[in-house]
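Asks: turn this into a model:
(chains A and B)
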Amino acid sequence: MLLCLALLGACRKEELDVQNLNGGEVVALGHGGMGILSTYPLDSPAGLLASLNSGGDGTELDVQLTRDSVLVAYHSPDLSEGTTMSGRVWDHTWAELQEARFTGVPYTDHRLMALEQFFAQVDVRDRAVSLDIKLNPSGTPDAVYYAIYVNALMRLLDHGLFGDRLYIESQSPEFLAMLQARRPDLKLFIYPPDFGTGIAAARSLGLYGISIDMNKVSAEQVRTAHAEGYWIAVWNAISKADNEAAIRLHPEIIQTDQLDHLVGLLQP
Amino acid sequence: MKCALVLVLCVGLSPAYGRPDTLTPKQNIIYLEALGTGGLGSLNYERTLCREGLWQLAARVGVSTIHVRDFTRRFNPDLLFPLGAVACYGGRFQGEIAGGVAFTSIVYPDPENFAPGRHGAIQGWLAIGGRYLDPGNRWMLRATYTPIIEFGTWRHWGGLSFGHAF
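Replies: The predicted structure is shown next:
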């Protein structure tokens, strides 16, 4: 019996022997706080705080811009998909959005949050935070919209509220290039539709890494990225089995919907 | 939700619905409700207050929670107490209509400093559906459409219950 237990332990240890560019350490982040299965709404202050208090490294959150240039945490393209309001975040001012209530569990009254207000109160300077920049169609020319968005991000970053484990991811190489021009020190990740597109953008722009659906990348491709010095963040780890599969990809960052489980897996 | 509505209709439209039978009515039922008036689920006690023919009027009180630990991971449970009045008609198969309020005390981040703060509210709920009592009159199955009137808006909701009569 003791031999079996010892062998089981050895197998698990081997399984978790991660080879990555972060010294074998995996950064465990909650997806939008505590993930899509949580009773806390995605990107709600309570969900993000639960993630930050989980024993994990930090949290990922989705960022959108209001009409009056306030950065708010919200995931979906339309407010009607998760709140009592409708329309795009870009269609509203922050004052208007403060009326929105997340529609999750009955009887609850979770509200949207402005990033600047949240991070001014919640110290994350020693935590890992990944900002997923959502550039939903705005109806405004991209160059103008991106410039407004970059300015809003610069204002947020200028407050010094984040430490050196701030990661910023976007689907748009153009947006990342604009950010990079303003702040070359930022750890920027391309969020591509597939690995090939991602590594091409990373090479072209000299990005920090690639943030990709764990089902669209192989361990071999991760090794290729590592050989060129790019970090890999994987997401879409919805189940406990996904967490284990994500670890076997040897990424630097896992954004999970099962944060407590992942933290347990990664504990020495 | 669709399944719950189908079950409600099946019970409510059953040929046995409303048929007099020889059940000896029990005064009390304790039951677990999945979803329903407690939100995610609740433990409830119902006591019959009066009977008139196949009609009966009861009062119910429940308790529920959403999180036992708050977002700082400390023990600090959300508390929900759905209570209300229930009118039933029938014998072994009963149609039910009910309404009441839910007193809620839920922990949220304070909008200014994001520390945990407890907020109380009173919301409303309605229930319409059916229930079935087993031939021994000891067990109850219940399916209801349970709209919740929260913060002035109407939320479609439903519940399935299983309980013990005594």
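Asks: so what pLDDT did residue B:17 get?
Replies: pLDDT, residue B:17: 49.
Asks: run the chain-centre distance for stretch A:138-157.
Replies: Stretch A:138-157 has its C-alpha centroid displaced from the chain centroid by 19 Å (C-alpha atoms, centre = their mean, to the nearest Å).
Asks: pull out the buried residues from it.
Replies: A:138, A:145, A:146, A:148, A:149, A:150, A:152, A:153, A:156, A:157 (16 or more other C-beta atoms under 10 Å in any protein chain shown). C-beta: built from backbone N, CA, C; applies to glycine.
Asks: chain B against chain A: which residues are in contact?
Replies: B:39-40, B:66-67, B:71-73, B:80, B:102, B:104, B:106, B:108-109, B:111-114, B:119, B:121, B:123, B:148, B:150-151, B:153, B:155, B:157 (C-beta under 8 Å from any C-beta of the partner chain).
Asks: tell me, how many residues neighbour the residue lying closest to residue A:163 once chain neighbours are set aside?
Replies: Once flanking residues are discounted, residue A:163 sits nearest to residue A:125: 4.1 Å by C-beta to C-beta, 6 or more residues apart in numbering or on different chains. A count of nearby residues for residue A:125, using other C-beta atoms under 10 Å in any protein chain shown, gives 13.
Asks: report the central residue of chain B.
Replies: The centre of chain B sits closest to residue B:37, judged by C-alpha atoms, centre = their mean, with a distance of 4.5 Å.
Asks: er, chain A actually
Replies: For chain A, residue A:60 is the residue whose C-alpha lies nearest the centre (C-alpha atoms, centre = their mean; 3.1 Å).
Asks: what's that one in contact with, if anything?
Replies: Residues in contact with residue A:60, defined by C-beta atoms under 8 Å, 6 or more residues apart in numbering or on different chains, are A:29, A:30, A:31, A:32, A:129, A:130, A:131, A:132, A:235, A:255.
Asks: so the first one touches residue A:56, yeah?
Replies: Yes. Counting by C-beta atoms under 8 Å, residue A:29 sits close enough to residue A:56 to count as a contact (6.6 Å).
Asks: and the gap between residue B:109 and residue A:109?
Replies: 11 Å (C-beta to C-beta, to the nearest Å).
Asks: more neighbours: those two, which one.
Replies: Taking neighbours as other C-beta under 10 Å, residue B:109 and residue A:109 compare with residue B:109 leading, 26 against 14.
Asks: quick check: residues of the stretch 101-250 of chain A near chain B?
Replies: Near chain B, when you scan the stretch 101-250 of chain A using C-beta under 8 Å from any C-beta, you find A:101, A:103, A:105, A:106, A:107, A:108, A:109, A:110, A:111, A:118, A:121, A:122.
Asks: residue contacts, the last one?
Replies: When you say that, I think you mean residue A:122. Counting by C-beta under 8 Å, 6+ apart, residue A:122 touches A:48, A:49, A:52, B:114.
Asks: tell me the phi and psi of the closest residue to chain B within the stretch 151-268 of chain A?
Replies: At 9.9 Å from chain B, residue A:260 is the closest residue in the stretch 151-268 of chain A, using C-beta to the nearest C-beta. The phi/psi pair for residue A:260 (degrees, to the nearest 10) reads phi -60, psi -40.
Asks: can you pull the contacts of it?
Replies: Applying C-beta under 8 Å, 6+ apart, we find residue A:260 in contact with A:54, A:55.
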